[in-house]
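Colleague: sequence and predicted structure below; questions after.
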Number of protein chains: 2
Amino acid sequence: MDPVTIKDIARALNLSTSTVSRALRDSYEISPETKRLVMEYAERLNYRPNPIALSLKGSSSKALAVIVPQIANNFFSQAINGIEAIAYNRGYHVIIFQTHESYEREMANVQQAVARRVDGLLLSLSSETSDVAHLHALHAQGVPLVLFDRVAPDLPVTQVVADNFGGAYAATSHLLQTGRRRIAHLTIPPYLSITQERLAGYRAALEQYGVAFDENLVRYGTFGPDEADELVEQLLAQEPRPDAFFTASDRLALGCLTALRKRGIRIPEDISLIGFTNLPAAEMLNPPLSTVTQPAQEIGQLAAERLIELIERKQKASPPATVKLPTTLLVRESSAPPVRAEADFRIGL
Amino acid sequence: MDPVTIKDIARALNLSTSTVSRALRDSYEISPETKRLVMEYAERLNYRPNPIALSLKGSSSKALAVIVPQIANNFFSQAINGIEAIAYNRGYHVIIFQTHESYEREMANVQQAVARRVDGLLLSLSSETSDVAHLHALHAQGVPLVLFDRVAPDLPVTQVVADNFGGAYAATSHLLQTGRRRIAHLTIPPYLSITQERLAGYRAALEQYGVAFDENLVRYGTFGPDEADELVEQLLAQEPRPDAFFTASDRLALGCLTALRKRGIRIPEDISLIGFTNLPAAEMLNPPLSTVTQPAQEIGQLAAERLIELIERKQKASPPATVKLPTTLLVRESSAPPVRAEADFRIGL
DNA sequence: ATCGTTCCCGGCAACGATTGCACAAAAAAA
DNA sequence: TTTTTTTGTGCAATCGTTGCCGGGAACGAT
């Protein structure tokens, strides 16, 4: 019941393996008669070439490695969804690796992927990774590599990202336009490109509106569970208290919401809240959560397309470039203008 | 810059490949001196055995296939998380396939996985799959296979599931205990084992409380987008109107919530709602959503452990069995007893 | 001196598929 | 008929690794 090999066919038809191989590939040097025989027999036995033997012989394994911090994360699972869709259509398989936000693990995973002779890698950096020497080495070896979402701008490889700066700028501007001035930013570990870009967008908007940047209003999380509560606690202790929270991830937005409501703080009356998240439930939260959404699936698709292009047209593929996809600010109740502010405004008139 | 092979080492050290191979595996028939030489040189060149060559030679590829309907689904991404964790520790890689709920695709994916010579398969059936002949064939071929979540009870293979019956029974009982009598059940496609088990739990609870089962209160969705709205519409048209909704998935629970609130129906005052979902945001929804949660990650872990055991102790592994993990009913506001009911109760006294 | 052991190591084959080259038979040209 | 060309097929190497067999050297025992 073992898989059928080309040898089995050769033996059965009293031919050599070479003839069978050529017949199957429809080579011109095989007689139509023999071809027919071979093809029919192969069909009947449901012959499938052994991809392992092919990988060993040639250099293509028709497999892509995807290395992400966490699969169980909305953004990444959507991105992988996009990657898998493209890969499947192009005849590639997807091997998944999780770094669990560990630099060690990231390096080990890259090693493993290379050892597995994947045709290319799609990678989103772990939050611990500040040194990308391992990726430089990879690139120097000529291994096709595309970074997505959490990228390393210095690396001369194709990178696919969302417009994190723009999203953060839009979110912060919106908060400022609705009268908020003490805007706290709860964010993710500082090494990450996305952290820096979002922070930059946040600062740019503040500057635009002439609000001084206050370092104390920025707090870095670590993807730990329930860490939002403590960060919120610290921020609420500030004097004067923040009147808006802008968070940089799904988990933080949710944690923040929980923490604020636990303390009886009204959203948006007391504090306005915007997340940077792909949660499908955002609209049904209490209150409906304003968010900056990213085209996660498209990012995955684009990254996979670029990688495959790189693999298949090795040398003359389009040069490394950073592709930036737009983010969208969805304004919902959690960042509505405070009623009091409006009232004050009228009184002021 | 190509990967170092055993041949390179042999050439450099003026040894035969066999000797190098044995030295690296610390064989007793190689002199300590030679071993040292080889080991050191291999270390220096950062030699890694080519897993493809190993797969071709031996029959183990150290890769597992995971076939699921959708990665971008909370339950499955958590399960895959568990699978990957176990696999990684045991030296296996995980190759992901999505069926997108298509039977065709499921068969194609199984084929592909087998062609790839994976050491085993972890599979959760597509909702279109009613015939599992392809899996029988697989099992007959001796390919290690473990099903999880959406299983096929007739198949003589190990299956890992959540206690769907128990969860549905608990949810329905809770609704009945809080005074609901017209309990609608919005569920997923009927072929699925989990659909049937949940339906059975729902019916068992109704029977227990002497409430007649009404087929018109059960509606099947198809994982399509926004389908909940129409199903809700149909159910609300019933006379008398349902006073509770019990849904069988994340998407349906959320869709249901949206649909009900859109129509100005109060939850739980007018209609009580319970989902069967792993949404981390359930508690922060408006109102906080009562749910039956499943240990998704544990299911993945257990399935992976069983599969690896099957692979490594091929013949004398524990016989096929169905492992059932407990589900948990989390009661939140969305299924609180209606205030009116309490008032009526007091008046009745 | 010869034989038997033990210890180290090399050569060959094999896993499945592809491919350049050679070679045979048949057909075409001389 | 002989030579050339064409056509169809087989052999063997290759990819990286390991299992099996066999062989040479050193040593002790007879």
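Modeller: In hand now; what should we look at?
Colleague: what is the mean pLDDT for stretch A:62-82?
Modeller: Averaged across stretch A:62-82, pLDDT comes to 95.
Colleague: just the CA coordinates of it, formatted as CSV?
Modeller: Extracted in CSV, the C-alpha atoms of stretch A:62-82 (Å, rounded to 0.1, in the frame of the first residue of the first chain):
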residue,chain,number,x,y,z
LYS,A,62,7.7,24.2,-3.2
ALA,A,63,7.4,25.1,0.4
LEU,A,64,7.4,28.5,2.1
ALA,A,65,8.2,29.2,5.7
VAL,A,66,6.0,31.6,7.6
ILE,A,67,7.6,32.8,10.9
VAL,A,68,5.3,34.8,13.1
PRO,A,69,5.3,35.7,16.8
GLN,A,70,1.9,34.1,17.5
ILE,A,71,-0.7,32.3,15.4
ALA,A,72,-3.4,32.8,17.9
ASN,A,73,-3.6,36.5,17.1
ASN,A,74,-6.2,38.0,14.9
PHE,A,75,-3.8,40.0,12.8
PHE,A,76,-1.5,37.1,12.1
SER,A,77,-4.1,34.5,11.6
GLN,A,78,-5.7,36.8,9.0
ALA,A,79,-2.3,37.4,7.4
ILE,A,80,-1.6,33.7,7.2
ASN,A,81,-4.9,33.2,5.7
GLY,A,82,-3.9,35.5,2.9
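Colleague: how far does it sit from its chain's centre?
Modeller: 7 Å (Cα atoms, centre = their mean, to the nearest Å).
Colleague: ok, now which ones touch whatever residue of chain A ends up closest to chain B?
Modeller: Using Cβ to the nearest Cβ, the closest approach of chain A to chain B is made by A:Asn286 at 3.2 Å. For every residue, glycine as well, the C-beta is placed using N, CA and C. A:Asn286 is in contact with A:Arg261, B:Met284, B:Leu285, B:Asn286, B:Pro287, B:Pro288, counting by Cβ atoms under 8 Å, 6 or more residues apart in numbering or on different chains.
Colleague: restricted to buried residues, select the residues you listed in PyMOL.
Modeller: Here the buried members of those are turned into a PyMOL selection, burial being counted by 16 or more other Cβ atoms under 10 Å in any protein chain shown:
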select buried, chain B and resi 284+285+286+287+288
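Colleague: in terms of model confidence, name the weakest of the contacts of A:Asn286.
Modeller: When the contacts of A:Asn286 are compared, the smallest pLDDT is that of B:Asn286, 87.
Colleague: leaving out sequence neighbours, find the closest residue to A:Val146.
Modeller: A:Leu307 (4.3 Å; Cβ to Cβ, 6 or more residues apart in numbering or on different chains).
Colleague: you'd agree the one you found is up against A:Phe148?
Modeller: No. Using Cβ atoms under 8 Å, A:Leu307 is not in contact with A:Phe148, being 9.4 Å away.
Colleague: still on that earlier bit, closest to DNA strand D among the contacts of A:Asn286?
Modeller: Closest approach between those and DNA strand D, by Cβ to the nearest atom of the strand: B:Met284, at 51.9 Å.
Colleague: pretty sure the closest one contacts A:Gly255?
Modeller: No. Judged on Cβ under 8 Å, B:Met284 makes no contact with A:Gly255 at a distance of 9.6 Å.
Colleague: so A:Ile67 sits in a strand?
Modeller: Yes. Assessed with DSSP: H, G, I helix; E, B strand; the rest coil, A:Ile67 lies in a strand.
Colleague: now do it against A:Ser249, distance only.
Modeller: Noted for A:Ile67: a distance of 19 Å to A:Ser249, by Cβ to Cβ, to the nearest Å.
Colleague: which one's more surrounded, the two?
Modeller: Neighbour count, other Cβ atoms under 10 Å in any protein chain shown: between A:Ile67 and A:Ser249, A:Ser249 has more, with 25 against 22.
Colleague: dump the residue contacts of the more buried one.
Modeller: A:Thr187, A:Ile188, A:Gly221, A:Phe223, A:Gly275, A:Phe276, A:Thr277.
Colleague: ditto for A:Val132
Modeller: So A:Val132 contacts A:Leu125, A:Ala152, A:Asp154, A:Leu155 (Cβ under 8 Å, 6+ apart).
Colleague: where's the third one relative to DNA strand C, distance?
Modeller: With distances taken as Cβ to the nearest atom of the strand, to the nearest Å, A:Asp154 is found 38 Å from DNA strand C.
Colleague: contacting residues for that residue?
Modeller: A:Val132.
Colleague: which residues touch the strand or helix carrying A:Phe245?
Modeller: Secondary-structure assignment from DSSP states H and E places A:Phe245 in strand A:244-247. Applying Cβ under 8 Å, 6+ apart, the contact partners of strand A:244-247 are A:168, A:171-172, A:175, A:180, A:182-187, A:202, A:228, A:232, A:235, A:253, A:256, A:260, A:271-277, A:335.
Colleague: and the closest residue to A:Ala281 other than its chain neighbours, what are its phi and psi?
Modeller: The shortest distance from A:Ala281 to any non-neighbouring residue, by Cβ to Cβ, 6+ apart, is to B:Ala281 (4.3 Å). Torsion angles at B:Ala281 (phi, psi; degrees, to the nearest 10) stand at phi -90, psi 0.
Colleague: what does A:Pro225 give?
Modeller: phi -80, psi 140.
Colleague: returning to what we had before: following the strand holding A:Phe245, which helix or strand shows up next?
Modeller: That would be, after strand A:244-247 and using DSSP H and E, helix A:250-262.
Colleague: hmm, back to that, and the residue nearest to A:Val146, how many residues sit next to it?
Modeller: A:Leu307 has 30 nearby residues by other Cβ under 10 Å.
Colleague: give me the element it is part of.
Modeller: helix A:296-312.
Colleague: which strands or helices does that helix pack on?
Modeller: strand A:63-68, helix A:74-89, strand A:120-123, strand A:145-148, strand A:158-162, strand A:322-325 (3 or more Cβ pairs under 8 Å, 6 or more residues apart in numbering or on different chains; DSSP states H and E).
Colleague: contact partners of the last one?
Modeller: Read that as strand A:322-325. With Cβ under 8 Å, 6+ apart, strand A:322-325 has contacts from A:151, A:153, A:158-163, A:294-295, A:298-299, A:302, A:306.
Colleague: in it, what counts as buried?
Modeller: Under 16+ other Cβ under 10 Å, the buried positions of strand A:322-325 are A:Val323, A:Lys324.
Colleague: how about whichever helix or strand comes after that strand, does it reach chain B?
Modeller: Using DSSP H and E, the next helix or strand after strand A:322-325 towards the C-terminus is strand A:328-330. No. Counting by Cβ under 8 Å from any Cβ of the partner chain, chain B has no neighbours in strand A:328-330; the shortest distance is 14.9 Å.
Colleague: then stretch A:81-96?
Modeller: Yes. Stretch A:81-96 lies within reach of chain B by Cβ under 8 Å from any Cβ, at A:Asn81, A:Glu84, A:Ala85, A:Tyr88, A:His93, A:Val94, A:Ile95, A:Ile96.
Colleague: from the chain's centre, how far out does that stretch sit?
Modeller: 14 Å.
Colleague: show me chain A divided up by domain.
Modeller: Following automatic domain parsing, chain A resolves into domains at A:6-49, A:57-161+A:296-325, A:164-294+A:330-337.
Colleague: in JSON lines, list those along with distance to B:Gly142.
Modeller: Output for these, formatted as JSON lines (distance: least, Cβ to Cβ, whole Å):
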{"stretch": "domain A:6-49", "distance to B:Gly142": "16"}
{"stretch": "domain A:57-161+A:296-325", "distance to B:Gly142": "22"}
{"stretch": "domain A:164-294+A:330-337", "distance to B:Gly142": "41"}
